[in-house]
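K.L.:
What shape does this take:
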Amino acid sequence: MCGICGKLNLDSKKVTADTIASMCSVITHRGPDDEGIYLDGSMGMGMRRLSIIDLNTGHQPISNEDATVWTVLNG
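P.N.:
Okay, the predicted model is just below:
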């Protein structure tokens, strides 16, 4: 199973890449094959990927066509 993490600052303080990368490093055992991070101001999310069936399109976070919605998922 992959690992997912995230942080939302309610005080509008920016979330840093270092913060999310640190969270991802704690869950490396959940997904040793890939890591992805997305930041948008006071919100950040990350994921660790376990490649059971390795697809070239499996890198995350992923967005919709115009990059207005971003998500991480396991499934």
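
K.L.:
what ranges of this structure fall below the confidence cut-off?
P.N.:
Screening the chain residue by residue with the criterion pLDDT under 70, one finds the ranges 54-56.

K.L.:
What segments of it are strands?
P.N.:
Counting by DSSP state E, residue ranges of the strands within the chain are 3-8, 34-40, 43-49, 62-63, 70-71.

K.L.:
In its sheet, which strands sit next to the fourth one, and in what direction?
P.N.:
Partners of strand 62-63 in the sheet, by DSSP bridges, are strand 70-71 (antiparallel).

K.L.:
between the strands of the chain, which one is nearest to Cys24?
P.N.:
Each of those was scored for nearness to Cys24 using Cβ to Cβ, and the closest is strand 43-49 (4.3 Å). No exception for glycine: its C-beta is placed from N, CA and C like everyone else's.

K.L.:
out of the strands of the chain, deepest packed?
P.N.:
The densest packing among these, expressed as mean neighbour count by mean count of other Cβ atoms under 10 Å, is seen in strand 43-49 with a mean of 23.

K.L.:
What helices and strands are in contact with that one?
P.N.:
Applying 3 or more Cβ pairs under 8 Å, 6 or more residues apart in numbering; DSSP states H and E, one finds that strand 43-49 makes contact with strand 3-8, helix 17-26, strand 34-40.

K.L.:
Pick out the residue closest to the middle of this protein.
P.N.:
Among the residues of the chain, the one closest to the centroid is Gly46, at 2.0 Å (Cα atoms, centre = their mean).

K.L.:
right, and it touches Val26 too?
P.N.:
No: under the criterion of Cβ atoms under 8 Å, Gly46 lies out of contact with Val26, with a separation of 10.3 Å.

K.L.:
Now do the shared contacts for these two.
P.N.:
When contacts are counted by Cβ atoms under 8 Å, 6 or more residues apart in numbering, the set common to Gly46 and Val26 consists of Cys5.
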